[in-house]
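Engineer: fold the following and give me the result.
(one chain, ligands or ions: 1)
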Amino acid sequence: MRVDIEDVSVDVAGVRLLSDITLRAGSGRFIGLVGPNGSGKSTLLRCVYRALRPSAGTVRLDGAELAAMTAREQARRLAVLPQETATDFDFTAAEVVAMGRLPHQRGGSGRPGAADREICAAALSRTGTGHLADRGFTSLSGGEKQRVLIARALAQRPRVLVLDEPTNHLDIAQQLEVLALVRGWGRPGDGAEGGVTVLAALHDLNLAAVHCDELYVVAGGRIVASGAPHDVLTEELLAEVFHVRAHRVTHPESGAVQLLFDRIAPTTP
Ligand SMILES: Nc1ncnc2c1ncn2[C@@H]1O[C@H](COP(=O)(O)OP(=O)(O)OP(=O)(O)O)[C@@H](O)[C@H]1O
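Structural biologist: Sure, this is the predicted structure:
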């Protein structure tokens, strides 16, 4: 499913947080949003999952304006892994995953059928969380919670997946696992043949370089660069936007651009 963000601006309490953002994500593409803290990545993603209404501009899914959809229509197409999830609810991991099926149940009845149960079991298995099914969500570690929330998103069978720092709380093996899992969505039986379109805010530029088809660099509420990771992650851009000196190397197996960083010494006045 295509995602088209056109000329989106966001003003909150008279402060401009995003200015004229245009981003086009083709069906099945993995798009990374990168940028310094506070640059506007989450704000943009919030416009895509409608936690925030843009002050100007539109977001379209396969040409259909998001603002005109019901919450249920949206949830049948788009799943979200937000940066912060309220974790004080008293549900088991299996119940949390089952919530992913709600938009698909007739009348939102909350009564899962056999197919729903099968999809949830597959999502738990795919994320390696089957053994946590009966555990209280609040008792899980940060990484386990993250994987259960990914299982919930998987059970939702979205065509678009919005991830706000999905590798938060995960050790390096789990980070690689989760990104490979997300990339692998859209296999036969996932309910999203042709691939899931992913919009992900990522802080780790080396992971972003390996996993993303395209990067959009956000700085000061604007897109300052976009394109293939190899073209975007230049030493000049990293100095200008992230204030680091980077040495570009090539991953010996994947051929992806990888970065080694030095701090740029602050200039003395
Ligand atoms: N409701 C709000 N009212 C005022 N300012 C806000 C509001 N929401 C976000 N901001 C500000 O907008 C800017 C962008 O925030 P945002 O969370 O989108 O950045 P980010 O790039 O996701 O940052 P991080 O990498 O730290 O998660 C920040 O300066 C933030 O303080």
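Engineer: name the residues of this structure found near the ligand, please.
Structural biologist: Residues of the chain lying close to the ligand (Cβ under 6 Å from any ligand atom) are 12-13, 15, 17, 35, 37-43, 201. To be clear about C-beta, it is placed using only N, CA and C from the backbone, and glycine gets the same treatment.
Engineer: out of these, name the ones that lie in strands.
Structural biologist: Using DSSP state E to define strands, the subset of those located there is 12, 15, 17, 201.
Engineer: which members of those residues are classed as buried?
Structural biologist: Applying 16 or more other Cβ atoms under 10 Å to these, the neighbour count classes 17, 201 as buried.
Engineer: what about the residue nearest to the spatial centre of the chain, which helix or strand?
Structural biologist: What sits nearest the mean C-alpha location of the chain, by Cα atoms, centre = their mean, is L163, with 1.7 Å. In this structure, L163 sits in strand 160-164 according to DSSP states H and E.
Engineer: so what's the gap between stretch 70-89 and the chain middle?
Structural biologist: Mean C-alpha position of stretch 70-89 versus that of the full chain (Cα atoms, centre = their mean, to the nearest Å) differs by 12 Å.
Engineer: what is the rounded mean pLDDT of it?
Structural biologist: Stretch 70-89 carries an average pLDDT of 84.
Engineer: could I get the buried residue list for it?
Structural biologist: 74-82.
Engineer: thinking again about what came up before, farthest pair within the ones in strands among the residues of the chain next to the ligand?
Structural biologist: The most widely separated members of those, counting by Cβ to Cβ, are V15 and A201 (20.2 Å).
Engineer: how about whatever residue of the stretch 51-200 of the chain ends up closest to the ligand: what's its closest non-neighbour residue?
Structural biologist: Using Cβ to the nearest ligand atom, the closest approach of the stretch 51-200 of the chain to the ligand is made by Q83 at 6.3 Å. Spatial nearest neighbour of Q83, excluding adjacent residues (Cβ to Cβ, 6 or more residues apart in numbering): D164 at 4.0 Å.
Engineer: confidence score at that neighbour?
Structural biologist: At D164, pLDDT is 94.
Engineer: beta partners of it?
Structural biologist: Using DSSP bridges, the beta-bridge partners of D164 come out as A201.
Engineer: ok now the strand holding L163, how far from the chain's centre?
Structural biologist: 3 Å.
Engineer: helices or strands up against it?
Structural biologist: helix 41-48, strand 78-81, strand 197-201 (3 or more Cβ pairs under 8 Å, 6 or more residues apart in numbering; DSSP states H and E).
Engineer: dump these to TSV, plus distance to G142.
Structural biologist: What follows is the helices and strands packed on strand 160-164, written out as TSV (distance: least, Cβ to Cβ, whole Å):
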stretch	distance to G142
helix 41-48	18
strand 78-81	13
strand 197-201	18
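Engineer: great, nothing more from me.
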